[in-house]
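Peer 1: here is my input, please return the structure:
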Amino acid sequence: IHLDSPLRSLALRNPELAELVGDASRQAFISIVDLCLAERVDALVIAGDLYDGDQTSMKTARFLASQMTRLHQAGIRVYMIRGNHDAISRISKQLALPDTVTIFGGRAQYVVQSGAGLEVAFHGLSFANPKAPENLLPKYAGPQEGAANIGIMHTSLAGSPGHDVYAPCSVA
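Peer 2: So this is what the prediction gives:
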């Protein structure tokens, strides 16, 4: 999502376009929450990078909290991990969110959600810091018997040219 990304290079070239595109991440997140509400989903999974670095804006924090509250009021649980950009955000670590929001920590864990005769195990591991040069997959627990298992991972997979590699792994 990269909420309120500063879009520095675009802002230098075209400030009006940067402002329009800068608000797009908020509008996209509102649309995601609206869809969750309309579809009456049981849970929303967020695989990291809600922020775009060392987010210090309380305005952004209040926005995120208001969207999470909308989900909470509808009984929709949120399972999320911190990605490489979230790891350096001071606000993401201080923000008080509803108890229906599970933020996985720096050690792999899983949470089981039951409902409608189905158990779902959500597995997650957040970035403790922005650099994760090793594969994090071996740190995850194996699948939980009798449950549908969903792994939440923030990774660059095998990487891409010119981009930092983080938590590299392969599709296999």
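
Peer 1: look up how far Gln113 lies from Val78.
Peer 2: In this view, Val78 and Gln113 are 11 Å apart by CB to CB, to the nearest Å. For glycine as for every other residue, the C-beta is placed from the backbone atoms N, C-alpha and C.

Peer 1: same check on Ser126?
Peer 2: Separation of Ser126 from Gln113 (CB to CB): 18 Å.

Peer 1: higher neighbour count, these two?
Peer 2: Counting neighbours by other CB atoms under 10 Å for Ser126 and for Gln113 shows that Ser126 has the greater number, 22 against 17.

Peer 1: so that one is in contact with Arg82, correct?
Peer 2: Yes. With contact defined as CB atoms under 8 Å, Ser126 counts as touching Arg82 (3.7 Å).

Peer 1: joint contacts of these two?
Peer 2: Gly48, Ile103, Phe104 (CB atoms under 8 Å, 6 or more residues apart in numbering).

Peer 1: which one of the residues you listed has the most neighbours?
Peer 2: Busiest of those [other CB under 10 Å] is Gly48, holding 24 neighbours.

Peer 1: excluding residues flanking it in the chain, which one is nearest it?
Peer 2: The spatially closest residue to Gly48, leaving aside those adjacent along the chain, is Gly83, at 2.4 Å (CB to CB, 6 or more residues apart in numbering).
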